[in-house]
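1. Here you go, sequence then predicted model.
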Amino acid sequence: GEDVEQSLFLSVREGDSSVINCTYTDSSSTYLYWYKQEPGAGLQLLTYIFSNMDMKQDQRLTVLLNKKDKHLSLRIADTQTGDSAIYFCAERDGAGSYQLTFGKGTKLSVIP
Amino acid sequence: EAGVAQSPRYKIIEKRQSVAFWCNPISGHATLYWYQQILGQGPKLLIQFQNNGVVDDSQLPKDRFSAERLKGVDSTLKIQPAKLEDSAVYLCASSRPSGSMEQYFGPGTRLTVT
């Protein structure tokens, strides 16, 4: 079955760039997503990338996709304390229910 | 545009009791999802509705979990009887058609089974 792996923790200093990495196994994934979850809250969609793209930029966020290696990354430029949260990578099934399979999440801690 | 609404936000029950969660999706969203998020894990899909029909319930433990979306708008997820391992956050999400790229999540219901 599909599997999505992420490192569990990342700590960066305020103002630095953060890079959160993710690997997935389903080669038929059509879309890959990044969600943000703050304590006690639901998931907030940050950005997504279509599988035939290799990069997408949206303000401070840059997503890089290496489809050959099934590797996805999220770069946050000029990281702020408000970026402290858990970041989930997810892949979307290519057919059928289009369900999302999530990783376990990376907890980003921003040090002032 | 109002977001996905869920209630209650928190629930504590004893094992073998029953519990129900309610979700109201974003207006006009035909597809509704229920996810289970165990502490330290990513969300796992339990069931997906398209209007009032079930698209995928392959990961729903049907011996104790049930869900309905009778009028194709709001939905109820029920657990009967609850087990300790059902302690989790239950997230509801919605999207336009099932092929839509964007799922929008509610705040979740945190269930504790003692």
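-> Sure thing, it's come through.

2. Tell me what A:Met55 is bridged to.
-> A:Leu64 (DSSP bridges).

3. show me the contacts for A:Asp69.
-> A:Asp69 sits next to A:Thr23 when contact means Cβ atoms under 8 Å, 6 or more residues apart in numbering or on different chains. C-betas here are computed from N, CA, C, even on glycine.

4. And for the closest residue to chain A within chain B, nearest residue in space, chain neighbours not counted?
-> The nearest approach of chain B to chain A comes at B:Gly42, 3.0 Å away (Cβ to the nearest Cβ). Excluding the flanking residues, the one nearest B:Gly42 by Cβ to Cβ, 6 or more residues apart in numbering or on different chains is A:Phe102, at 3.0 Å.

5. Could you report the pLDDT at the one you found?
-> At A:Phe102, the model reports a pLDDT of 94.

6. so what's the closest residue to chain B within chain A up against?
-> When scored by Cβ to the nearest Cβ, chain A has A:Phe102 as its residue closest to chain B, at 3.0 Å. Shown in contact with A:Phe102 (Cβ under 8 Å, 6+ apart): A:Val4, A:Tyr35, A:Phe88, A:Cys89, A:Ala90, B:Gly42, B:Pro43, B:Lys44.

7. Run through the strands of chain B in chain order.
-> B:5-7, B:10-13, B:19-24, B:31-37, B:44-50, B:53-56, B:65-68, B:75-79, B:88-95, B:104-105, B:109-113 (DSSP state E).

8. Would you reformat the ones you listed as CSV and include mean neighbour count and mean pLDDT?
-> As requested, the strands of chain B are arranged in CSV below (neighbours: other Cβ atoms under 10 Å in any protein chain shown; pLDDT from 0 to 100):
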stretch, mean neighbour count, mean pLDDT
strand B:5-7, 17, 97
strand B:10-13, 15, 98
strand B:19-24, 19, 98
strand B:31-37, 24, 95
strand B:44-50, 21, 94
strand B:53-56, 15, 91
strand B:65-68, 18, 97
strand B:75-79, 19, 98
strand B:88-95, 24, 95
strand B:104-105, 22, 92
strand B:109-113, 18, 97
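
9. possible to save these as CSV with distance to chain A?
-> Listed next are those as CSV, based on distance: least, Cβ to the nearest Cβ, whole Å:
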stretch, distance to chain A
strand B:5-7, 8
strand B:10-13, 10
strand B:19-24, 11
strand B:31-37, 8
strand B:44-50, 5
strand B:53-56, 4
strand B:65-68, 14
strand B:75-79, 15
strand B:88-95, 6
strand B:104-105, 4
strand B:109-113, 8
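
10. where does chain A have low pLDDT?
-> When residues are selected by pLDDT under 70, those of chain A lie in A:1-2, A:94-97.

11. And the residue of chain B closest to chain A, what's its pLDDT?
-> Looking at B:Gly42, its pLDDT stands at 92.

12. Could you tell me how far it is located from A:Leu43?
-> 9 Å (Cβ to Cβ, to the nearest Å).

13. ditto for A:Glu91
-> Distance of A:Glu91 to A:Leu43, given as Cβ to Cβ: 15 Å.

14. That's all I had, so thanks and see you.
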